[in-house]
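>>> predicted model and sequence below, questions to follow.
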Amino acid sequence: MRKILYLLTLLLFSCGTKSTKEILVSNYGYTQGTTYSIRYMSTDAIDYQSDIDSVLKAVDMSMSTYIEESNISKINRNESMQTDSLFVRVFEMAMQIAKETHGGFDPTIAAAVNFWGFGFEEIQNKNDAKLKQIMKSVGYQKLAIIDSLIVKENPNTQIDFNAIAQGFTVDLVSEHLQKKGLNNYMIEIGGELKCKGLNADSELWRIGIDKPSEIIQEDRFQAIIEVDNKSVASSGNYRKFKIDAETGMAYAHTINPKTGNPVQTNLLGITIITESCMKADALATACMVMGLEESKIYLGNHKEIDALLIYSGPKGEWLNFQTEGFKKMSIYSSN
């Protein structure tokens, strides 16, 4: 009788226990004028696509300059100064990086970005006088948030979070997946990404960093790194630029907040690695503005941040600077 009860207990236990297995789920789509690719190991292949899309929509309605009814668009038109919790988080990080980089990153650069045709509208009949007038509205010191309201020193100041919003969105999706109990994932939005845990092969996620070439070649990677619980953001002007119809001159999409002109630098590509993708995103842009030597000084003073800086040498050759932490992550380098 005791054996029968023991077997019956085993039977009941096995029937009442639900087997679970983590399976790789992949979500793809479009957001913020670019694409996203999100992969995660999910128990019984539960798909969180709808959750992710809700997060993306919330960010858009807060800070997309391409949506007329977003909070940032209303603020830029001076129709409303009301912010929201997402906006405040990005604003605070943007101001922190602006101060740390002495204006190398500046969220008030919108009007100058528009002047050169890289923003939500383009200024026609460009001339130095127009740019000089526009630059009077640029300067992160001209902004503050008081009681959840934006306060502008100059009413013409416009905010542009495009150099930080994608990184923030990566962080936000990461936070949501964590709340769902997911600890193995790779989130990529517009080239900015965060990796945690292991992939479907139970290995660390591997990330390829492109060479600074206008054309994507078969041998495209400058380096390949293994990443665990880190964010990776890159910036470069070698693929995103415009040609002036009158002069034929090319100008880069990164605008110097101090001059209002496209950045001129020997830096070709920058990859920043840190915990916060929002911070990495902003710093990648800031380093492009600061230039090689100033960026190396900044990185030397912030050992928690790792980086790869690719730059052109005196003969036009590609050279690179790597932090010690980056070297430890690297499993392949083209030179």
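Looks like it came in fine. Numbering: from 1, shown residues only.

>>> alpha carbons only for contacts and neighbour counts from here, please
OK.

>>> could you list the low-pLDDT ranges of the stretch 101-250 of the chain?
Scanning the stretch 101-250 of the chain with the threshold set as pLDDT under 70 gives 214, 216-217, 237-250.

>>> mind listing the helices for it?
In the stretch 101-250 of the chain, helices defined by DSSP state H, counting those that start in this stretch lie at 110-115, 128-134, 165-179, listed in chain order.

>>> and among those, the most buried is which?
helix 110-115 (a mean of 24; mean count of other Cα atoms under 10 Å).

>>> how about it as PDB, C-alpha atoms only?
The C-alpha coordinates for helix 110-115 follow below in PDB (Å, rounded to 0.1, in the frame of the first residue of the first chain):
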ATOM      1  CA  ALA A 110      17.600  71.400 -33.300                       C
ATOM      2  CA  ALA A 111      17.500  74.600 -35.200                       C
ATOM      3  CA  ALA A 112      21.100  74.200 -36.500                       C
ATOM      4  CA  VAL A 113      20.400  70.600 -37.400                       C
ATOM      5  CA  ASN A 114      17.400  71.800 -39.400                       C
ATOM      6  CA  PHE A 115      19.500  74.500 -41.100                       C
END
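
>>> chain center to stretch 322-334: distance?
From the chain centre to the centre of stretch 322-334 is a distance of 21 Å (Cα atoms, centre = their mean, to the nearest Å).

>>> now that stretch - C-alpha only, PDB.
What follows is stretch 322-334, C-alpha atoms only, in PDB (Å, rounded to 0.1, in the frame of the first residue of the first chain):
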ATOM      1  CA  GLN A 322      41.200  51.400 -27.800                       C
ATOM      2  CA  THR A 323      40.600  51.500 -24.100                       C
ATOM      3  CA  GLU A 324      41.900  48.600 -22.000                       C
ATOM      4  CA  GLY A 325      38.400  47.400 -21.300                       C
ATOM      5  CA  PHE A 326      37.600  47.300 -25.000                       C
ATOM      6  CA  LYS A 327      40.700  45.300 -25.700                       C
ATOM      7  CA  LYS A 328      39.500  42.700 -23.200                       C
ATOM      8  CA  MET A 329      36.100  42.400 -25.000                       C
ATOM      9  CA  SER A 330      37.600  42.100 -28.500                       C
ATOM     10  CA  ILE A 331      37.800  38.700 -30.100                       C
ATOM     11  CA  TYR A 332      38.800  40.000 -33.500                       C
ATOM     12  CA  SER A 333      40.500  43.100 -34.900                       C
ATOM     13  CA  SER A 334      41.300  43.900 -38.500                       C
END
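
>>> residues making contact with it?
Contact with stretch 322-334 is made by F221, Q222, A223, I224, I225, E226, V227, I273, D306, A307, L308, L309, as judged by Cα atoms under 8 Å, 6 or more residues apart in numbering.

>>> the fourth one contacts V232, doesn't it?
Looking back up the chat, that one is I224. No: in this structure I224 lies outside contact range of V232 using Cα atoms under 8 Å: 11.9 Å.
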